[in-house]
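Q: Sharing a model that was predicted from the sequence below.
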Amino acid sequence: MFRIESKINTQSKEFQNNKKEFLKVFDEFKNILKETRHGAPEKSVERHKKRGKLLARERIDLLIDANTPFLELSSLAAYGEYDNQFPSAGIITGIGVIHGREALIIANDATVKGGTYVKETIKKHVRAQQIAMENHLPCVYMVDSGGIFLPEQSKVFADRFNFGRFFYNQARLSALGIPQIALVMGSCTAGGAYVPAMSDETIIVKEQGTIFIGGPPLVKAATGEVVSPEDLGGARVHTTISGVADYLAENDRHAIQICRNIFETLEKKEKQQLELSPVEDPYYDPQELYGIAPMDLRKPVDAREIIARMVDGSRFQEFKALYAPTLITGFANIMGYPIGILANNGVLFSETSLKAAHFIELCTSRKVPLLFLQNITGFIVGKQYEHGGIAKDGAKFVHAVANAEVPKFTVIFGGSFGAGNYAMAGRAYDPRLLFMWPNAKISVMGGEQASGVLIQVKEEQLAKRGQEMDPDDREKLRAEILQKYDMEGSAYFSTSRLWDDGIIDPADTRKIIAMGIAMSLNKPFPDTKYGIFRM
């Protein structure tokens, strides 16, 4: 492969100004992330520790192999909601390595409202199980939860992807032969009691873990029986009488060690084999992405400059380099793994769509994972392009993305607008992982376009009544729409609602995608089958 030749002068005023603007945004992100990870009330943290319990992230650090990374997902879930009283939505999820094996870890944070579940907590838990299912990752549930947050019960109980989906997913994971281990390290009540009951193996901590369908208050209300939590569903009860739990642990550390021991006994499954290359750092410094990341989405960014700072040796075998140049396609390696890359370099035309569909076919036939780098305003519009069949050509692109059976990964490094989001493997197209940079924006269209459309509609409505729009009203409406789209299009609005799997440092992108590829190899890639392409 040829090395990409960067045309960016990193000493230029333009580069330095862009870097300065990005670092403001990046520093804000780092501060928000730090506050969120330490966002539980101090009294709750102190009370938790006085009980001899480790914090959720401390538990995870002990569980995974020493000196290995933990890819935390959706750290800012529920950010800006509930007066920020549910930092990280009260649950930690992510991918780590246990005895050399990638695993999906779900850990309740009992310092946040007793580890109870609001809708974002549930969405995050279900999303983690989906990742485990798609990638055949063993699941570890570190249970310390009071169940549903009762004031929000109408939003979390009865719908298809509400609380009950946990147990449906556990049944499906079990049927697929994906191991599930539960560590009951605190409360496990009501429907949550099925988490350990439906796991392959369950560990419970002595005089700390409890499991019951109905807690002591409910038992008293329903039957008049007065019973302590320990006598009702403590560790001794479930390891000596009920058989709901399999291992009695002395404390958190002991429970974690038992879990690690269990991992040593797990069956080794068939993996997808990829032809690996020696790992190389990019020729260009990944931190230069801070000066390249698009801060003004109206200014074009050459996607090759982004790719050059992500891939091994900055080498890239570009496919159809002279054809449909508004989409860059080609092959590279990321930390030794082969990858096919599609990166936006402008608006999508018919030719762009055909090029993309062709390239995706190549990657699926060769079993090469796909990386979509999004900075897209959408598909071209206008009479000429509609007559030329942009809809049927765009459909070929969307069709290829939807049916590609190789792992797909998506990073939004700029804008993600309109149907371009879909074609470039947005959330609706089930990428294995989807991340955003702190500067990224996502909405049905940009604020300027939205304000133009809505103002035109308003003016046409007034014209039918023989009226004109007052210039001050026009500017007021424009400002309101721009403010709304700026707020709702931000990376924080997206990540709070789990439209993505987290906001990431651009310089870490290659490492995170490599971790994603590694986890995706835990099951063979199926053959891709396409349906009907409208010709």
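A: Received it, and whenever you're ready, just let me know what you need. Since the model is a prediction, treat every value here as computed from it, not as a measurement. Numbers count the residues shown, from 1 in each chain.
Q: how about low-confidence regions in the stretch 401-535 of the chain?
A: When the per-residue scores of the stretch 401-535 of the chain are filtered using pLDDT under 70, no range remains.
Q: all helices for it, in order.
A: Taking DSSP state H, counting those that start in this stretch as the test, the helices found in the stretch 401-535 of the chain are 418-423, 447-464, 471-488, 491-496, 509-520.
Q: Would you tell me which of the ones you listed gets closest to Ile178?
A: Using C-beta to C-beta as the measure, helix 509-520 is the one of the helices of the stretch 401-535 of the chain that comes nearest Ile178, at 12.5 Å. Glycine gets a C-beta too; all of them are placed from N, C-alpha and C.
Q: So what touches that closest one?
A: Residues outside helix 509-520 that contact it (C-beta atoms under 8 Å, 6 or more residues apart in numbering) are 69, 71, 95, 102, 131, 134-135, 137, 272, 274, 282, 286, 289, 310-311, 334-337, 339, 369, 371, 407, 409, 411, 432-433, 435, 437, 504.
Q: Now, of those, which are buried?
A: Neighbour-count burial (16 or more other C-beta atoms under 10 Å) is assigned, among these, to 71, 95, 102, 131, 134-135, 137, 272, 274, 282, 286, 289, 310-311, 334-337, 339, 369, 371, 407, 409, 411, 432-433, 435, 437, 504.
Q: In the protein, which residue sits furthest out from the middle?
A: Within the chain, the residue lying farthest from the chain centre (C-alpha atoms, centre = their mean) is Gly466, at 50.4 Å.
Q: What about Thr116, how many residues nearby?
A: The burial metric for Thr116, expressed as a neighbour count using other C-beta atoms under 10 Å, is 24.
Q: pLDDT at it, what is it?
A: Thr116 is assigned a predicted lDDT (pLDDT) of 94.
Q: need the contact list for it.
A: For Thr116, the set of contacting residues under the criterion of C-beta under 8 Å, 6+ apart consists of Gly90, Ser145, Gly146, Gly147, Ile148, Phe149, Leu150.
Q: in the sheet, who's paired with the fifth one?
A: Note on Ile148: beta-bridge partners Tyr117, judged by DSSP bridges.
Q: isn't it right next to Gly164, touching?
A: No - in this structure, Ile148 sits apart from Gly164 without contact. The criterion is C-beta atoms under 8 Å, and the distance is 10.6 Å.
Q: and for those two, which residues touch both?
A: Counting by C-beta under 8 Å, 6+ apart, the contacts common to Ile148 and Gly164 are Phe157, Gly191.
Q: Looking at the two, which has the bigger crowd around it?
A: Ile148 (22 against 16).
Q: Tell me how far the more buried one lies from Ile92.
A: 19 Å (C-beta to C-beta, to the nearest Å).
Q: likewise Ala419?
A: Applying C-beta to C-beta, the value for Ala419 to Ile92 is 34 Å.
Q: can you check Gly446 too?
A: Using C-beta to C-beta, one gets 34 Å for the distance from Gly446 to Ile92.
Q: Which SSE is immediately downstream of the longest helix seen in the chain?
A: Secondary structure of the chain per DSSP state H: the longest helix is helix 13-37. Moving toward the C-terminus from helix 13-37, the next helix or strand (DSSP states H and E) is helix 42-50.
Q: Following that next one in sequence, what is the next regular element?
A: Secondary structure here is assigned by DSSP H and E; on that basis, the next helix or strand after helix 42-50 toward the C-terminus is helix 56-63.
Q: what's the helix or strand for Leu232?
A: Taking DSSP H and E as the criterion, the element that holds Leu232 is helix 229-233.
Q: Can you tell me what sits against that helix?
A: The set of residues that contact helix 229-233 without belonging to it, under C-beta under 8 Å, 6+ apart, is Ala193, Glu207, Thr210, Ile211, Phe212, Gly215, Pro216, Val219, Arg236, Val237, Ser242.
Q: Could you give the secondary structure assignment for the nearest residue to Glu351 once chain neighbours are set aside?
A: Counting by C-beta to C-beta, 6 or more residues apart in numbering, Glu351 lies nearest to Ala324, which is 3.9 Å off, once chain neighbours are set aside. On the three-state scheme (DSSP: H, G, I helix; E, B strand; the rest coil), Ala324 is labelled coil.
Q: need the contact list for Glu361.
A: Neighbour list for Glu361: Ala400, Tyr530 [criterion: C-beta under 8 Å, 6+ apart].
Q: Flag every buried residue along whichever strand or helix holds it.
A: According to DSSP H and E, Glu361 maps onto helix 350-366. Neighbour-count burial for helix 350-366, with 16+ other C-beta under 10 Å as criterion, is recorded at 350-360, 363-364.
Q: Turn these into a markdown table, columns for pLDDT and distance to Ile517.
A: Below are the buried residues of helix 350-366 laid out as a markdown table (pLDDT from 0 to 100; distance: C-beta to C-beta, whole Å):
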| residue | pLDDT | distance to Ile517 |
| --- | --- | --- |
| Ser350 | 95 | 31 |
| Glu351 | 96 | 29 |
| Thr352 | 97 | 26 |
| Ser353 | 96 | 26 |
| Leu354 | 97 | 27 |
| Lys355 | 98 | 24 |
| Ala356 | 98 | 20 |
| Ala357 | 97 | 23 |
| His358 | 97 | 23 |
| Phe359 | 98 | 18 |
| Ile360 | 98 | 17 |
| Cys363 | 98 | 13 |
| Thr364 | 98 | 15 |
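Q: Which parts of the stretch 151-300 of the chain are helices?
A: Per DSSP H, counting those that start in this stretch, the stretch 151-300 of the chain carries helices over the ranges 165-175, 194-197, 216-223, 229-233, 235-240, 252-265, 289-292.
Q: by contact count, what packs against the helix or strand containing Ala400?
A: Using DSSP H and E, Ala400 sits within helix 390-403. Contacts of helix 390-403 with other secondary structure elements, assessed using 3 or more C-beta pairs under 8 Å, 6 or more residues apart in numbering; DSSP states H and E, are made with helix 350-366, helix 418-423.
Q: Throw the ones you listed into a markdown table and include distance to Asn375, thanks.
A: Supplementary listing: the helices and strands packed on helix 390-403 in a markdown table, determined by distance: least, C-beta to C-beta, whole Å:
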| stretch | distance to Asn375 |
| --- | --- |
| helix 350-366 | 14 |
| helix 418-423 | 9 |
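Q: Nearest to Lys155, out of these?
A: With distances scored as C-beta to C-beta, the stretch of the helices and strands packed on helix 390-403 nearest to Lys155 is helix 418-423 (25.8 Å).
Q: What lies in contact with the closest one?
A: In contact with helix 418-423 (C-beta under 8 Å, 6+ apart) are residues 344, 347-348, 353, 356, 374, 376-379, 394, 397-398, 401, 428-429, 442, 444-445.
Q: more crowded one of Ala419 and Ile92?
A: For Ala419 and Ile92, the more surrounded residue by other C-beta under 10 Å is Ile92, and the numbers stand at 25 against 17.
Q: List the residues that contact the closest residue to Gly389 other than its chain neighbours.
A: Nearest non-adjacent residue to Gly389, counting by C-beta to C-beta, 6+ apart: Ser350, 6.2 Å away. With contacts defined as C-beta under 8 Å, 6+ apart, the neighbours of Ser350 are Tyr385, Gly388, Gly389, Ile390, Asp393, Gly394.
Q: Buried by neighbour count, from these: which ones?
A: Those of the contacts of Ser350 that meet the buried threshold are Tyr385, Ile390, Asp393, Gly394, by 16+ other C-beta under 10 Å.
Q: Which of those residues sits closest to Ser75?
A: Of these, the one sitting nearest to Ser75 (C-beta to C-beta) turns out to be Gly394, at 34.2 Å.
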